[in-house]
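In: Curious how this folds, go ahead:
(one chain, ligands or ions: 1)
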Amino acid sequence: MCGIVGYIGNREAYPIVAKGLQRLEYRGYDSAGIAIYGNGELKYSKTKGKVADMRRKLEAEIDPSGTIALGHTRWATHGVPNDINSHPHFSNSGNLVIIHNGIIENYDALKKELTSRGYSFSSDTDTEVLVNLIEDVIVKEGVKLGKAVQMTLNQVVGAYAIAVFDRRKPNEIVVARLGSPLAIGIGKDEYFIASDASPFIEYTNNVIYLEDGEVAVVRKEKGIKVRKIEDDTMVDPYVQELQLNLEQIEKGGFDHFMLKEIFEQPAAIRDTYRGRLLADEGIVSMAGVDDNLERFLNAKRIIVVACGTSWHAGLVSEYLIEELTRIPVEVEYASEFRYRNPIINRDDVVIAISQSGETADTMAAIKLAKERGAFVFGVCNVVGSSIARETHAGAYTHAGPEIGVASTKAFTTQITILALIALKLAKAKGTISKSDFQMHLQELETIPQKIEVALESNDAIREVAFRYKDARNCIYLGRGCNFPVALEGALKLKEISYIHAEGYPAAEMKHGPIALIDEEMPVVVIATRKGHYEKVVSNIQEIKSRKGKIIAIINEGDTSVRELADHVIEVPETMESLSPLVNTIPLQLLSYHIAVMLNKNVDQPRNLAKSVTVE
Ligand code: G6P
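Out: Numbers count the residues shown, from 1 in each chain. Here you go, the predicted model:
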């Protein structure tokens, strides 16, 4: 994980890099640092804590003027978060500066080798080993920095996005990537380097996404030269024009990105189905599926691989796809799938779901599935991300940037895409009647409006949050396709409020978790009308008779559950298969308000990162 930012050009580099790091804090925020070269001097500051802490320290300690700088915001892998382990790191001579996102797996052996030859290390990081190895190559081989980086990377095992410069030659930055993202923004006689394009979006729309296994030398006057690390071949990089704008990555009047993103869901879902869901014509149009329809229709099985919230979206899709298409679906944690020698057949279709498109475990699962001949379809939010590029075909969710670490709009837009796929396949396979298909399309089209109504309960949800903010535990129950919603609700609460929470299928409660129920235990039950309503009502009664506190998500006008529950939150009714899209909303808001009341850092919860590019 970690976020990296660099600048080389004619402007003051520090403000650009510092602001850029703040935009990348979603990638890690346990420590930060910046190194600047200016007025013939290499200056730096680094510290444990947030980018804002580092900025305060840096501005008090050094004069940050200079036109080349590298900055880093960290999510610790090797070595605890402290000032010394923070990046940038420096070579023993003090000439080379490096920032690194990723892990060097063979760093220990390399460190021993360098130590035996007189190198010393002040930090516990793999990155300090890497920068000294580059220095060693320069000294031993007499090569330039670009070549030295390339030769060094041929000796290391692991994942990286790095940027390096030499204080003796401050007109170039060398960057390279393998497994971690790296974007180069191209301005007029200036270049921006970052883990994604958000740090430089106000300066340029032109970007090169470095490919895995590439190294680039970025020179102020002479432009960019890209080569393959392994065999030194020159690469002609593809310059993309970005659609992203500044407004999309700002809070827009909301207190937190998470709240903004919760409220963006109606618009995000409309963006997801725009041009794809053509209800009047009775068509679902998705190029990635259309172009590969035979692969999907011949699939004996669909395997979904994902992590975290995306895995929950995958679980919802299992209900949808199986119900509508009768194709068997298996949903796997990517991290388990990749290490268990899974059975993958050539006629399997693998769907990989990832908001960031960079999750290392999901990426590895995709590579494994491809090796074994499966067709891999990606559902990603970040355009041009590694997973989007690695898969055979795919569909973007078009949710816009999701910056809050706890995923919200990515989840509902992923479900929207997966529902469209399920409907499209069902129609093509003939497993859905014309009228049922039409009904689904029309209902899906109304979901944004229903979410708007669900969002109106925000104040009521805040009151419920106030009542339960001091709970130590919480149980979430749902049945059918709302069981994954219960899991997602519990995950949201854990992630941002640090309250222990468990999601369970409502009927499983009697096989264990019921033992936890007492008057102290809040139980959030998804009890909307369709599906297994009567069964859920019985489950509520079981909790009630053990004095548990019930917070029920119900449909408007439901009086039976209202009588039983301690608190109800109303949401509009929709068809069972699409109800996860609406029922998730109050659960997101409940966890949000509890976290705010507990004074937690909602957008950057402890120990987490948005883009997990390590195993
Ligand atoms: C991290 C994030 C989660 C996310 C998961 C998968 O753990 O904190 O919010 O669901 O990664 O990320 P992806 O980008 O692959 O959806």
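
In: Quick one: the strands in the stretch 451-600 of the chain, in order.
Out: Along the stretch 451-600 of the chain, the segments classed as strands by DSSP state E, counting those that start in this stretch run 473-478, 500-505, 522-526, 549-555, 567-571.

In: Walk me through which strands the longest one pairs with, and which way each runs.
Out: Strands that pair with strand 549-555, judged by DSSP bridges, come out as strand 522-526 (parallel), strand 567-571 (parallel).

In: Show residues contacting that strand.
Out: Defining contact as Cβ atoms under 8 Å, 6 or more residues apart in numbering, one finds that strand 549-555 is touched by 464, 468, 519, 521-529, 540, 543-544, 561-562, 564-573, 583, 586-587, 590. Where you see a C-beta, it was placed from the backbone N, CA and C, and this is true even at glycine.

In: Just the buried residues from these, in ChimeraX please.
Out: To isolate the buried subset of the contacts of strand 549-555 in ChimeraX, counting by 16 or more other Cβ atoms under 10 Å, use the following:
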select :464,468,521,522,523,524,525,526,527,528,529,540,543,544,561,564,565,567,568,569,570,571,572,573,583,586,587,590
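
In: Check what pLDDT the one residue in the chain that gets nearest to the ligand gets.
Out: Each residue of the chain has a distance to the ligand, by Cβ to the nearest ligand atom, and the smallest belongs to residue 308, at 2.7 Å. Here, the pLDDT recorded for residue 308 equals 96.

In: could I have the lowest-mean-pLDDT helix or strand in the chain exported to PDB, CA atoms only?
Out: Least confident element among the helices and strands of the chain, by mean pLDDT, DSSP states H and E: helix 533-544 (a mean of 87). Included here for helix 533-544 are C-alpha records, laid out as PDB according to Å, rounded to 0.1, in the frame of the first residue of the first chain:
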ATOM      1  CA  TYR A 533     -40.200 -12.100   6.000                       C
ATOM      2  CA  GLU A 534     -42.200 -14.500   8.300                       C
ATOM      3  CA  LYS A 535     -39.100 -16.400   9.200                       C
ATOM      4  CA  VAL A 536     -37.200 -13.300  10.100                       C
ATOM      5  CA  VAL A 537     -40.100 -12.200  12.300                       C
ATOM      6  CA  SER A 538     -39.800 -15.500  14.200                       C
ATOM      7  CA  ASN A 539     -36.100 -14.800  14.500                       C
ATOM      8  CA  ILE A 540     -36.900 -11.400  16.000                       C
ATOM      9  CA  GLN A 541     -39.200 -13.000  18.500                       C
ATOM     10  CA  GLU A 542     -36.400 -15.300  19.600                       C
ATOM     11  CA  ILE A 543     -34.100 -12.400  20.200                       C
ATOM     12  CA  LYS A 544     -36.900 -10.400  22.000                       C
END
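
In: quick one on the thing from earlier: for residue 275, find the nearest of the strands of the stretch 451-600 of the chain.
Out: Each of those was scored for nearness to residue 275 using Cβ to Cβ, and the closest is strand 567-571 (27.5 Å).

In: what residue ranges in the stretch 101-250 of the chain score low on pLDDT?
Out: Counting by pLDDT under 70, the stretch 101-250 of the chain contains no low-confidence segment.

In: residue boundaries of the strands in it?
Out: 158-166, 172-178, 183-186, 191-194, 206-209, 214-219, 223-228, 234-235, 239-241.

In: what residues are up against residue 348?
Out: Contacts of residue 348 by Cβ under 8 Å, 6+ apart are 299-303, 369, 374-375.

In: To what extent is residue 164 buried, counted in neighbours?
Out: Residue 164 has 28 neighbours, counted by other Cβ atoms under 10 Å.

In: what do you get for the one 4 residues further on?
Out: The burial metric for residue 168, expressed as a neighbour count using other Cβ under 10 Å, is 11.

In: nearest spatial neighbour of it, skipping sequence neighbours?
Out: Setting aside the residues directly before and after it, residue 168 is nearest to residue 95 in space (Cβ to Cβ, 6 or more residues apart in numbering), at 5.8 Å.

In: how deep is that neighbour tucked in, by neighbour count?
Out: The tally of other residues near residue 95 (other Cβ under 10 Å) stands at 17.

In: In this structure it contacts residue 167, no?
Out: Yes. Because the distance of 5.3 Å satisfies Cβ atoms under 8 Å, residue 95 is recorded as touching residue 167.

In: Quick check: residue 49 touching residue 32?
Out: Yes. Look at residue 49 against residue 32 with Cβ under 8 Å: they come within range, at 7.2 Å.

In: Those two: who's more crowded?
Out: Neighbour count, other Cβ under 10 Å: between residue 49 and residue 32, residue 32 has more, with 33 against 16.

In: Confirm that one sits in a strand?
Out: Yes. Under DSSP: H, G, I helix; E, B strand; the rest coil, residue 32 sits within a strand.

In: which ones are touching it?
Out: Residues touching residue 32, when contacts are defined by Cβ under 8 Å, 6+ apart, comprise 21, 46-47, 49-51, 53-54, 71-74, 86.

In: beta partners of it?
Out: The partner list for residue 32 in beta bridges (DSSP bridges) reads residue 47, residue 73.

In: Over to residue 161?
Out: According to DSSP bridges, residue 101, residue 177 are recorded as the beta-bridge partners of residue 161.

In: re earlier: now rank the contacts of residue 32 by neighbours and give me the top one.
Out: In terms of neighbour count, residue 71 stands highest of these at 37 neighbours, by other Cβ under 10 Å.

In: Which strands and helices lie in contact with the helix or strand where that residue lies?
Out: With elements delineated by DSSP states H and E, residue 71 resides in strand 68-74, which encompasses its position. For strand 68-74, the packing partners by 3 or more Cβ pairs under 8 Å, 6 or more residues apart in numbering; DSSP states H and E come out as strand 3-8, helix 13-23, strand 31-38, strand 96-104, strand 158-166.

In: Distance from the chain centre to that strand, please.
Out: Average the C-alpha atoms of strand 68-74, do the same for its chain, and the two points are 21 Å apart (Cα atoms, centre = their mean, to the nearest Å).

In: The closest residue in space to residue 282 that isn't next to it in sequence: how many residues sit nearby?
Out: For residue 282, ignoring the flanking residues on the chain, the nearest one in space by Cβ to Cβ, 6+ apart is residue 438 at 5.8 Å. For residue 438, the count of nearby residues is 15 (other Cβ under 10 Å).

In: And this protein, what are its domain boundaries?
Out: 3-247, 251-454, 456-604 (automatic domain parsing).

In: how about stretch 52-71: buried residues?
Out: Neighbour-count burial for stretch 52-71, counted by 16+ other Cβ under 10 Å, picks out 54-55, 57-58, 62, 64, 66-71.

In: Nothing else from me, thank you.
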